[in-house]
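Peer 1: Quick one: sequence and predicted model below, then my questions.
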Amino acid sequence: MSTVEATDVRNYGHYIGGQSAPPSQQTIERVSPADGRVVATFSAGRRSDALEAISVARRAFDAGDWPRRTAMERGRVLLRCAALMAENAEHLARIDAEESGKPITLARGDVGASIELFEYAAALAMTIHGEAHTALGDDCTALVVREPAGVVGMIIPWNFPLLLLAQKLPFALGAGCTAVVKPSEFTSGSAIELARLLSEAGVPDGAVNVVTGVGSAVGAPLAESREVDILSFTGSTETGRRIVEASAGSVKRLSMELGGKAASVVFEDADLDDALDGVLFGVFFNQGECCVSGARLLVQDSIADAFLERLVEAASRIAVGGPLDDASELGPMIDSGHLEKVLGHIETARRDGAEVLTGGERLTGSDWAEGHFVGPTILDGVREDSAAFQEEIFGPVLTVTRFRDVDDAIRLANATEYGLAGSIWTKNIDKALRVAKEMRSGRVWVNTTIDGAPQLPAGGMKQSGFGREMGQAGFDEFTDVKTIQIRTGARKRVFPQWTGGQR
Ligand code: NAD
């Protein structure tokens, strides 16, 4: 086992028009959530910074060459960027690990997945095409073309700083759009590094811009501005609602990737070893700070007690530790406010009658003294109408609720306002497919969890949002469909008398 050396403090300014601006006078200091060390500073952007970035991106779209380059050229730039990301993979992983607190091994996985997204988006960019309608009559031909949709505002949360940006940016660029990116104020480093790599790969100045700062200052203008054609947001449902309201005056296209409260449904006929591993991974991956986290275990009555016993035992083997330790499997909460929120949820669950089977507290031993660590927590007997079952906790906290049969499982799986993802564990294909079809969520996993591929779209239903990222559907979000209809030969007049003909 090894520990990666901490890097020096990185100081970032905005990235606008292909230039790294020096850090502004007012900065946001980012401290490691594991030990309180300062790891980076970002410019605390103002509204005027966001407006400047928007106007630069607008010019790059309206008059620049990026939207007008051939599909092959755009695809090649994305592939070059993927190669540069691979060359800089360890650097990018460290930045995300240091700023977010996630274990470095997971951050490396995020970088690998991000590179694949760039490669896949390049393939889609290269194969973009429209339709020709040639059977509309002898005198009519029509083209249905896909054009780049314009300037895209991208607002990103802190839990997967690079990966969630990579679910948007290469797809938008591949389609020919230009962008203004607003990363989380906790984790802005990798977005700026990525913009620099894109520039090196051949994206022209102004096509990708990054403004850092808090949401009310630099995020809100992206929602409000009429110069922004699409706002692609990933974050909480609460902020999402604010963004929908703020965007109303500009009537723009929105893509909303919001919160979730996914269920892991374990049937008695599952491979219980696989289910055990899947349930643990589903909830403790990325310390539970994951929108598709399987935060609710729904387990069939007949196997519940034995399964829980194994689950509690297995949870005790999870290695909690600092982000730069290769052995670490579960890192700290993003900041003290979030730590308090997670602990508050656990306390409320206790009061609502849940039994804490393991964890449930802040870890305060010498290894964790300065950090915001919560141990893997399992809460049994969580009622359907309780806050712990209904609300997104966004920490390493699993709620357990038992069910009788398939109908009961489906009802419970759908019994929250969210609809982002769900996992089903059974070896019975009829049952698996029935539950998968009845689950009201954008993604359903059968005998797997927190899985995916660049080809597979992701997105929410209900209060988890709308719009899709990744896959062809994710690419199409950044295009406008235009119909060009062409008549040839003499015009067939509906009212010939208007132009001197016979009625
Ligand atoms: P958040 O909503 O607090 O912030 C997300 C982003 O929005 C940040 O960049 C923030 O600065 C910005 N923002 C805040 N207020 C704003 C405003 N008024 N106008 C414009 N921008 C504003 O979310 P978070 O705490 O960073 O991330 C966690 C949340 O994100 C969870 O709810 C999680 O489920 C969700 N999430 C969803 C997905 C998905 O794909 N559906 C993926 C990851 C995270």
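Peer 2: Nice, I can see it. Numbering: from 1, shown residues only.

Peer 1: List the residues that contact the spatially most central residue of the chain.
Peer 2: Closest to where the C-alpha atoms of the chain average out (Cα atoms, centre = their mean) is residue 164, at 4.0 Å. By Cβ atoms under 8 Å, 6 or more residues apart in numbering, the contact set of residue 164 is 156, 157, 234, 257. Any C-beta I mention is one placed from the backbone N, CA and C, and that applies to glycine too.

Peer 1: right, is the helix ranked longest in the chain up against the ligand?
Peer 2: Looking across the chain with DSSP state H, the single longest helix is helix 104-126. No. Shown here: helix 104-126 not in contact with the ligand (Cβ under 6 Å from any ligand atom), separated by at least 11.9 Å.

Peer 1: Are there helices or strands packed against that helix, and which ones?
Peer 2: Other elements packing on helix 104-126 under the criterion 3 or more Cβ pairs under 8 Å, 6 or more residues apart in numbering; DSSP states H and E are helix 71-87, helix 89-100, helix 161-166, helix 169-175, helix 471-476.

Peer 1: Export only the CA atoms of the third one, formatted as PDB.
Peer 2: These are the backbone C-alpha positions of helix 161-166, laid out as PDB (Å, rounded to 0.1, in the frame of the first residue of the first chain):
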ATOM      1  CA  PRO A 161     -16.000  17.100 -10.600                       C
ATOM      2  CA  LEU A 162     -14.300  15.800 -13.800                       C
ATOM      3  CA  LEU A 163     -16.700  12.900 -14.700                       C
ATOM      4  CA  LEU A 164     -19.900  14.900 -14.600                       C
ATOM      5  CA  LEU A 165     -18.400  17.600 -16.700                       C
ATOM      6  CA  ALA A 166     -17.200  14.900 -19.100                       C
END
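
Peer 1: re earlier: quick one: the contacts of residue 164 as TSV, columns for distance to residue 367, secondary structure and pLDDT too.
Peer 2: Putting the contacts of residue 164 into TSV (distance: Cβ to Cβ, whole Å; DSSP: H, G, I helix; E, B strand; the rest coil; pLDDT from 0 to 100) gives the following:
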residue	distance to residue 367	secondary structure	pLDDT
156	31	coil	99
157	27	coil	98
234	32	strand	98
257	34	strand	98
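
Peer 1: Among those residues, which ones lie close to the ligand?
Peer 2: Among the contacts of residue 164, the residues lying close to the ligand (Cβ under 6 Å from any ligand atom) are 156, 157, 234, 257.

Peer 1: how far away is residue 214 from residue 335?
Peer 2: For residue 214, the distance to residue 335 equals 13 Å [Cβ to Cβ, to the nearest Å].

Peer 1: you'd agree residue 279 is up against residue 264?
Peer 2: Yes. The criterion here is Cβ atoms under 8 Å, and residue 279 meets it with residue 264 at 4.9 Å.

Peer 1: near the ligand, which residues of this structure?
Peer 2: Applying Cβ under 6 Å from any ligand atom, one finds that the chain approaches the ligand through 155-159, 164, 182, 184-185, 214-216, 219-220, 223, 234-236, 239, 242-243, 257-260, 291, 392, 394, 420, 460.

Peer 1: I would like a PyMOL command selecting only the buried ones among those, please.
Peer 2: The PyMOL selection below is limited to those of these classed as buried (16 or more other Cβ atoms under 10 Å):
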select buried, resi 155+156+157+158+159+164+182+184+185+215+219+220+223+234+235+239+242+243+257+258+259+260+291+392+394+420+460
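
Peer 1: Let's see which of the residues of the chain next to the ligand end up in helices.
Peer 2: Among those, the members found in helices (DSSP H) are 164, 220, 223, 239, 242, 243.

Peer 1: which ones are touching the last one?
Peer 2: I take that to be residue 243. Counted by Cβ under 8 Å, 6+ apart, residue 243 has contacts 155, 219, 223, 231, 233, 254, 256.

Peer 1: any chance of those residues in CSV, plus pLDDT?
Peer 2: Shown next, in CSV, are the contacts of residue 243 (pLDDT from 0 to 100):
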residue, pLDDT
155, 99
219, 98
223, 98
231, 98
233, 98
254, 98
256, 98
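
Peer 1: Relative to the ligand, which of the residues you listed is nearest.
Peer 2: Closest approach to the ligand among the contacts of residue 243 (Cβ to the nearest ligand atom): residue 219, at 2.3 Å.

Peer 1: Contacts only, for the closest one.
Peer 2: Residue 219 neighbours (Cβ under 8 Å, 6+ apart): 50, 155, 182, 243.

Peer 1: and which of those residues is nearest to the ligand?
Peer 2: Nearest to the ligand out of those is residue 155 (Cβ to the nearest ligand atom; 4.6 Å).

Peer 1: Residue 234 versus the closest one, what's the distance?
Peer 2: As judged by Cβ to Cβ, residue 155 and residue 234 stand 7 Å apart.

Peer 1: Also residue 185?
Peer 2: Between residue 185 and residue 234 the distance, using Cβ to Cβ, works out to 15 Å.

Peer 1: what do you get for residue 362?
Peer 2: The gap separating residue 362 from residue 234 is 28 Å, by Cβ to Cβ.

Peer 1: now swap in residue 133 and tell me
Peer 2: 37 Å.

Peer 1: Residue 244 too?
Peer 2: For residue 244, the distance to residue 234 - Cβ to Cβ - is 14 Å.

Peer 1: Could you do residue 458 as well?
Peer 2: Taking Cβ to Cβ, one finds residue 458 at 10 Å from residue 234.
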